[in-house]
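S.K.: Predicted coordinates and the sequence they were generated for:
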Protein chains: 2
Amino acid sequence: MAVPTDLPSGPSAPRQVSTYCPPSGWGRRSSDSMISSGVTGASSHAASVAVVADSPVTPGNTSAGTLAERLGRSPDAKLVIISCDDLGSCHAANVGVFRALRDGLATCASLMVPAPWSLHAAGEARADDDLGVHLTLNAEHAVYRWGPITHAPSLQSGEGGFPRNLGDLWEHADPDEVRRELRAQVDRALAWGLDVTHLAPHLTAITLRPEFFDVYLDLAVDYQLPIRLPSTVSTEQAGFPFRQLAIDEGIVFPDHFDHDWRAGSRERVHEAVGSLRPGVTEIHVQPAVDTPEVRALTASAQGWIDDLELVTTDPLLPRLLDEQGAELIGYRELRTAMRDG
Amino acid sequence: MAVPTDLPSGPSAPRQVSTYCPPSGWGRRSSDSMISSGVTGASSHAASVAVVADSPVTPGNTSAGTLAERLGRSPDAKLVIISCDDLGSCHAANVGVFRALRDGLATCASLMVPAPWSLHAAGEARADDDLGVHLTLNAEHAVYRWGPITHAPSLQSGEGGFPRNLGDLWEHADPDEVRRELRAQVDRALAWGLDVTHLAPHLTAITLRPEFFDVYLDLAVDYQLPIRLPSTVSTEQAGFPFRQLAIDEGIVFPDHFDHDWRAGSRERVHEAVGSLRPGVTEIHVQPAVDTPEVRALTASAQGWIDDLELVTTDPLLPRLLDEQGAELIGYRELRTAMRDG
């Protein structure tokens, strides 16, 4: 995916704690949201922040043990999800993602329901594909647009479709419209016959703002689906304990996920696989075949094309996985574990 | 463009008078619309049907002479507009249409504003390109979707975006929502900096129903733009005198236009050019380059690709035009003539 231009301090900022600066108004809006959420009683997640803010966060764990143990593995097992983002975004992505799933090392993908090629992707899906919904509130490409599937004026940009970047979205998005839109995206994927295995947010748009995280968590609870959460952003950085809130609701998420938006993932993936820790690690890629469409779509096309080569033909990736004794898994296993309690 | 599956009696039916059967309810709904239009006073076009229905129709003519004469040519001049439909619909169409305009015989094109690649097309446009708005209320492709840019529940299909075919559209479309949507499409094209030269309807959706034709004509009047109207559908077939209504409002349209939806236009274009009559003849094509995107998009892709070859490399087309003594023109000339009165 393209790098939003308005990130707090560069696309990799969340990884660099010392330079991480929340956007202007972040703290105030978070507090407002928490207060109003408690007053209206619309959702209890954010309202519980004051109570749990200092609780120890043990991601993916319950009294039943670590997530790996809940999945029937030993606690020191290294389990790796290789997930493909942006299925449905364009034709090249659809071909690339299914190739990555069927001929490569990718284990799951998430579908951008409002994007132009989503119905094509749904039609190509097989029953055993491990597919989630890529909850989408941005259309980041300058020359290629998509927009909400519900009536959502606050989610429209002036140029047509969703806003291009997170700043624009966050300044205007009405949480009620976000809720209705994202629920419709999940419902439509289900209506298309997909056995939705998980939820993941496009560009992390709904993860790091409490008023939108509330919606994300409600969807996970209502549909009983595991979600993607970054492990590289702390409670202090986010301003609210998003991981603990998910744990409190019984929502399962991978132990390790670095939401690095840089296009072209080869170096990042090699590094991540070479330094795996015990537990479930999610690594995302964005595979696409090399076509005129994707080349015209984004300057990041080369990175996407390289992602497909990385998970299908790169000799180093399987060797690193093997050296680590890693096991590839998908989100469907996490869903089963979560639903089994 | 793909052939709608619900045409009265096949895609070429309007050319075959003896087999032309209006869809069920056509007459009743037309009458209802005319009555209600007169009562509400929303527009006077349809309400005037009873008065003008038997008037002689002299398309493109005024007291100033034939359309050719208004364009400064002799009355027996053969003037040909070669127009490209579906600019903005996909990447392959954008590349194909601009190639047809700049390296081929095409003289103008019309932009599908709600389609995913429309902003890309607008960005590629030059000031001297002769571009209109392809007023769009359908998304006919099964695997590739786009939808209204305004809040228009009656213009949505159950599968996301505009309905696929005309029958579905006509059964559900609310004329007020049609009006708001189509006005927004023109306004957005203008906001993108296009010097809009004309209006043309996608799939003839708004031409042959009086309640939607009313909107079409109002837009032409309000923006003072020439429009595309079929010359191969009679007043009796349509059930209302659409051409006379346009003339009464001072709207200019080509004398001859056959709205044949068949994909792959080579034979149709050769035939039309080989039998040109005096006056302005519009011939439409749908050029696209041959890419995986367009091949996945529609079974009609081969026809679109052939259209590009037809207007760029076919040796017969320029020879036929030359034999006929034809002159190629665009819609911008018609707009000038219309605005000059």
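M.R.: Arrived safely, thanks for sending.

S.K.: okay, CA-based contacts and neighbour counts for the rest of this
M.R.: OK.

S.K.: What mean pLDDT does stretch A:283-300 get?
M.R.: Averaged across stretch A:283-300, the pLDDT comes to 96.

S.K.: Spell out which parts of the stretch 101-250 of chain A neighbour chain B.
M.R.: By CA under 8 Å from any CA of the partner chain, the residues of the stretch 101-250 of chain A that approach chain B are A:115-120, A:123, A:142-146, A:149, A:151, A:160-161.

S.K.: Buried only: go through the residues you listed for me.
M.R.: A:115-120, A:143-146, A:149, A:160-161 (16 or more other CA atoms under 10 Å in any protein chain shown).

S.K.: Show me which of the residues you listed is closest to B:Asp130.
M.R.: Distance to B:Asp130, by CA to CA, is smallest for A:Val143 among those, at 20.5 Å.

S.K.: A:Leu169 and A:Leu135, how far apart?
M.R.: According to CA to CA, to the nearest Å, A:Leu169 stands 14 Å off from A:Leu135.

S.K.: quick one: which of those two has more around it?
M.R.: Neighbour totals were compared for A:Leu169 and A:Leu135, and A:Leu135 leads with 26 against 20 (other CA atoms under 10 Å in any protein chain shown).

S.K.: That one reaches A:Leu203, doesn't it?
M.R.: No: assessed by CA atoms under 8 Å, A:Leu135 is found out of contact with A:Leu203, at 9.2 Å.

S.K.: Pass me the low-pLDDT residue ranges in chain A, would you?
M.R.: A:1-64, A:261-263 (pLDDT under 70).

S.K.: Would you mind giving both backbone torsions of the residue with the shortest distance to the centre of it?
M.R.: Residue closest to the mean C-alpha point of chain A, counted by CA atoms, centre = their mean, is A:Ala200 at 3.1 Å. Here is the backbone geometry of A:Ala200 (degrees, to the nearest 10): phi -140, psi 140.

S.K.: next one: A:Leu194
M.R.: According to degrees, to the nearest 10, A:Leu194 has phi -80, psi 140.

S.K.: Ok, A:Val269 next?
M.R.: According to degrees, to the nearest 10, A:Val269 has phi -70, psi -40.

S.K.: Within the helices and strands, which one has the residue nearest to it when sequence neighbours are not counted?
M.R.: In space, and not counting its chain neighbours, A:Val269 is closest to A:Ile283: 6.9 Å by CA to CA, 6 or more residues apart in numbering or on different chains. Assigned by DSSP states H and E, A:Ile283 belongs to strand A:279-285.

S.K.: partners of that strand, with directions?
M.R.: strand A:78-87 (parallel), strand A:256-257 (parallel) (DSSP bridges).

S.K.: Make JSON lines out of these and add mean neighbour count and distance to B:Arg243.
M.R.: Below are the strands paired with strand A:279-285 laid out as JSON lines (neighbours: other CA atoms under 10 Å in any protein chain shown; distance: least, CA to CA, whole Å):
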{"stretch": "strand A:78-87", "mean neighbour count": "26", "distance to B:Arg243": "46"}
{"stretch": "strand A:256-257", "mean neighbour count": "22", "distance to B:Arg243": "63"}
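
S.K.: Compile these into CSV and extend it with columns for distance to B:Leu310.
M.R.: Shown next, in CSV, are the strands paired with strand A:279-285 (distance: least, CA to CA, whole Å):
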stretch, distance to B:Leu310
strand A:78-87, 35
strand A:256-257, 53
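
S.K.: Now do the helix or strand containing A:Ala121: everything it contacts.
M.R.: Using DSSP H and E, the element containing A:Ala121 is helix A:118-124. For helix A:118-124, the surrounding residues in contact (CA atoms under 8 Å, 6 or more residues apart in numbering or on different chains) are A:87-89, A:94, A:111-113, A:189, A:192-194, B:142-145.

S.K.: Count the residues that sit near A:Glu267.
M.R.: Other residues within reach of A:Glu267, judged by other CA under 10 Å, total 10.

S.K.: brain fart, A:Asp222
M.R.: Count around A:Asp222 with other CA under 10 Å applied: 9.

S.K.: can I assume it sits in a strand?
M.R.: No: A:Asp222 sits outside any strand when classified using DSSP: H, G, I helix; E, B strand; the rest coil, being helix.

S.K.: Provide a list of residues in contact with it.
M.R.: Residues near A:Asp222 by CA under 8 Å, 6+ apart: none.

S.K.: relative to strand A:78-87, how tilted is the helix or strand harbouring A:Thr336?
M.R.: Using DSSP H and E, A:Thr336 sits within helix A:331-339. Calculated by axes from the mean of the first three to the mean of the last three CA atoms, to 10 degrees, helix A:331-339 forms an angle of 110 degrees with strand A:78-87.

S.K.: Pull the distance from helix A:331-339 to the chain's centre.
M.R.: 16 Å (CA atoms, centre = their mean, to the nearest Å).

S.K.: for that helix, packing partners?
M.R.: Using 3 or more CA pairs under 8 Å, 6 or more residues apart in numbering or on different chains; DSSP states H and E as the contact criterion, helix A:331-339 has no neighbours among helices and strands.

S.K.: Pull the residues that contact that helix.
M.R.: In contact with helix A:331-339 (CA under 8 Å, 6+ apart) are residues A:70-71, A:81, A:108, A:130, A:197-198, A:224-226, A:250-253.

S.K.: swap in stretch A:312-323?
M.R.: Residues contacting stretch A:312-323 (CA under 8 Å, 6+ apart): A:100, A:103-105, A:270, A:273-274, A:310-311, A:327.

S.K.: Please report which of those has the highest neighbour count.
M.R.: In terms of neighbours by other CA under 10 Å, the contacts of stretch A:312-323 top out with A:Ala100 at 29 neighbours.

S.K.: Contact partners for it?
M.R.: By CA under 8 Å, 6+ apart, the neighbours of A:Ala100 are A:106, A:287, A:308, A:311-312.

S.K.: quick one: which of these is nearest to chain B?
M.R.: A:Pro287 (15.8 Å; CA to the nearest CA).

S.K.: looking just at contacts, which helices and strands does the longest helix seen in chain A meet?
M.R.: If you go by DSSP state H, chain A has its longest helix at helix A:175-191. When contacts are defined as 3+ CA pairs under 8 Å, 6+ apart, helix A:175-191 packs onto strand A:131-135, helix A:210-223.

S.K.: thinking again about what came up before, which pair in the buried ones among the residues of the stretch 101-250 of chain A next to chain B spans the largest distance?
M.R.: The two members of those with the most space between them (CA to CA) are A:His120 and A:Gly160, at 22.3 Å.
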